[in-house]
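Chemist: Quick one: sequence plus predicted model below, questions after.
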Amino acid sequence: MNTSIRNIVFSGLFISSGLTFAEPPIIVDENNPFLNEKSQKSINEPNGVSIYSFSKEEMSIANKNESKSYLNAIESTNNFGYVEVDSSEIRDFNKLIAEYIQHDSDFKISKMRSLLLKQALSDRATLSAIVPNKISNVNSFKKADLTSIITSEKSLVLESSSGNFIKGKGWDSLTRIVKNPEFGILIIDEWDFSDESSGVIMDRDAINIHINGNPGIIIVKQDEHGNAETSLSWVTDSKSYSILLNKNVYQEGLINSLVLLAEKFPSGNASY
């Protein structure tokens, strides 16, 4: 997935690969399983889930935000239900949707995707598990059931599989955009890191919510005009999830519904 797009979904996330974003309570490491040679993994490129206090383990964690400004946003969300931000920090979700649709179109014609599909079609394990003409849309994991929020054919604005192609399984990333009468616009991202070369590091100090017992982070931003967005992200033992919507879930009385929706997603135990 295009890292700038993923960072839009995952408010406060960092994708390793040498790219640093503003607020990283979670560090994600993605490796292409088709590469024959992989660079040696640094200490901030884990296998599976690792949860540290970035403050207490700061000598061990690279590519982190020294200001830890996300902690202020989390504290304000915990205490007041949102953090007040400048209007420029609240994104136009219609433009956001257009960016996702453009990214999906660009990825479908990209050389990288063509190369991954070519390699997948030459792999016996993949061909024995996946029908060739469906290989473009198959994911390596059981995707979350969104039938409770997809109320009509027009509700599902976009479904985009991307990321790395796991041999014999499928694409490891899935983004879906849904328009729903209750929630408004939801951008839902799933990433499977069960491949042994991938993993996640989460800042223990940032955890302020649990989904089925798994650690998560919820941040609500709102400007002086009442425009808002909510980002909820959490990890299991093998997957990273994120839901972004264009409402203040606390003021709109949606927090319980949002948590119930998240709890329906496939879950594992990210012990810490």
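Modeler: Thanks, I have it.
Chemist: contacts and neighbour counts: CA atoms only from here.
Modeler: OK.
Chemist: Could you pull up the residues touching residue 262?
Modeler: By CA atoms under 8 Å, 6 or more residues apart in numbering, the residues touching residue 262 are residue 211.
Chemist: Doesn't it belong to a helix?
Modeler: Yes. Assessed with DSSP: H, G, I helix; E, B strand; the rest coil, residue 262 lies in a helix.
Chemist: And it, how close does it get to residue 189?
Modeler: Distance of residue 262 to residue 189, computed by CA to CA, to the nearest Å: 12 Å.
Chemist: Bridge partners for residue 239, pull those for me.
Modeler: Assessed by DSSP bridges, residue 239 has beta-bridge partners residue 192.
Chemist: actually residue 83, not the one I wrote
Modeler: residue 221.
Chemist: ok, it touching residue 224?
Modeler: No. With contacts counted by CA atoms under 8 Å, residue 83 stays clear of residue 224, the gap being 10.6 Å.
Chemist: ok, those two, which is more surrounded?
Modeler: residue 83 (19 against 10; other CA atoms under 10 Å).
Chemist: Contact partners for the more buried one?
Modeler: Counting by CA under 8 Å, 6+ apart, residue 83 makes contact with 73, 74, 76, 77, 219, 220, 221, 222.
Chemist: now do the same end-to-end measure for stretch 230-242.
Modeler: Terminal-residue distance, stretch 230-242 (CA to CA): 10 Å.
Chemist: mind saving the C-alpha coords of the lengthiest helix in the chain as CSV?
Modeler: Taking DSSP state H as the criterion, the chain has its longest helix at helix 93-108. C-alpha atoms of helix 93-108 as CSV (Å, rounded to 0.1, in the frame of the first residue of the first chain):
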residue,chain,number,x,y,z
PHE,A,93,-13.2,12.9,3.4
ASN,A,94,-14.5,13.4,-0.2
LYS,A,95,-11.0,14.3,-1.3
LEU,A,96,-9.7,11.4,0.8
ILE,A,97,-12.0,9.0,-1.0
ALA,A,98,-10.8,10.3,-4.4
GLU,A,99,-7.2,9.8,-3.3
TYR,A,100,-7.9,6.2,-2.4
ILE,A,101,-9.7,5.5,-5.6
GLN,A,102,-6.7,7.1,-7.5
HIS,A,103,-4.2,5.0,-5.5
ASP,A,104,-6.2,1.8,-6.3
SER,A,105,-6.2,2.6,-10.0
ASP,A,106,-2.4,3.4,-9.9
PHE,A,107,-1.6,0.2,-8.0
LYS,A,108,-3.6,-1.9,-10.5
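Chemist: report the angle between the axes of whichever helix or strand comes after it and helix 93-108?
Modeler: For helix 93-108, the following helix or strand on the C-terminal side (DSSP states H and E) is helix 111-121. The directions of helix 111-121 and helix 93-108 differ by 50 degrees, with axes from the mean of the first three to the mean of the last three CA atoms, to 10 degrees as the criterion.
Chemist: name the helices or strands packed onto helix 111-121?
Modeler: When contacts are defined as 3 or more CA pairs under 8 Å, 6 or more residues apart in numbering; DSSP states H and E, helix 111-121 sits against helix 124-129, strand 156-166.
Chemist: now stretch 91-110: mean pLDDT?
Modeler: Averaging pLDDT along stretch 91-110 yields 90.
Chemist: so residue 189 sits right up against residue 172, yeah?
Modeler: No. The pair residue 189 / residue 172 is not scored as a contact, 10.9 Å apart, by CA under 8 Å.
Chemist: all helices for the chain, in order.
Modeler: Assigned by DSSP H, the chain shows helices spanning 3-9, 69-80, 93-108, 111-121, 124-129, 255-263.
Chemist: got CSV for those, with distance to residue 157 too?
Modeler: What follows is the helices of the chain, written out as CSV (distance: least, CA to CA, whole Å):
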stretch, distance to residue 157
helix 3-9, 15
helix 69-80, 29
helix 93-108, 8
helix 111-121, 22
helix 124-129, 28
helix 255-263, 18
